[in-house]
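Trainee: Give me a model of this one.
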Amino acid sequence: MLRRGAAVLGMLAAAVWLGGLVVLGAIVAPTIFGNVSMPASADAMTLVFRRFDLVAMSCAAILLGTEAARVLARVPFARVDHARAGAGVLAALAAVAEGESVSPRIAALHAAGALRGRGADGLELDRLHHLAEALGKAEVALLVAVVVLQVLAWPAPRAPARPSDA
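Mentor: Residues are numbered from 1 along each chain as shown. Below you'll find the predicted structure:
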């Protein structure tokens, strides 16, 4: 029961996190940056990304908590479980790096008036933006791996008891 419950909760956390990353990267950011002029577009996306950082880190905590619960409950871990947990840890590290370091630095540079590619602050802003994109892409790849590995590790249903022929 714990194994299935942890699996479901972990998958829900991964789905929210992964879905949010895909929506932000594929829909929200291109739409805002393509249709809203600067600096309003950067102001809006800074707020969106900072709020999503909290969602991503919360989902990461839930995902890691489900793995810890499995360990504490002494649920047997196969290789696929170790791989899934490892991918989850790496994705969580990327989310925390982005939420606690990269995004706040981007927001501070933007608030100080930095423009990507212009001057020292603009070059740093551009570098951080590329780093944020790389972290986001890494999170997507790792979360896809978490989902696939969870599906592969999903416990098989128990066969119903067969009545004896006697």
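Trainee: Can you give the distance from whichever strand or helix holds residue 136 to the centre of its chain?
Mentor: Using DSSP states H and E, residue 136 maps to helix 119-153. Mean-position distance between helix 119-153 and its chain equals 8 Å (CA atoms, centre = their mean, to the nearest Å).
Trainee: in that helix, what's buried?
Mentor: 121, 125-126, 128-129, 131-132, 135-136, 138-140, 142-143, 145-147, 149-150, 153 (16 or more other CB atoms under 10 Å). Where C-beta positions appear, they are placed from N, C-alpha and C, glycine not excepted.
Trainee: so where's the chain shaky on pLDDT?
Mentor: 155-166 (pLDDT under 70).
Trainee: Which stretches in it count as helices?
Mentor: Using DSSP state H, the helices of the chain run over 2-23, 29-35, 40-72, 79-97, 103-111, 119-153.
Trainee: Tell me which of those sits most buried.
Mentor: Highest mean neighbour count of the helices of the chain: helix 79-97, a mean of 19 (counted as mean count of other CB atoms under 10 Å).
Trainee: Can you list the helices and strands that that helix packs against?
Mentor: Secondary-structure packing of helix 79-97 (3 or more CB pairs under 8 Å, 6 or more residues apart in numbering; DSSP states H and E): helix 2-23, helix 40-72, helix 119-153.
Trainee: Turn those into TSV, columns for distance to residue 30.
Mentor: Converted to TSV, the helices and strands packed on helix 79-97 look like this (distance: least, CB to CB, whole Å):
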stretch	distance to residue 30
helix 2-23	11
helix 40-72	10
helix 119-153	12
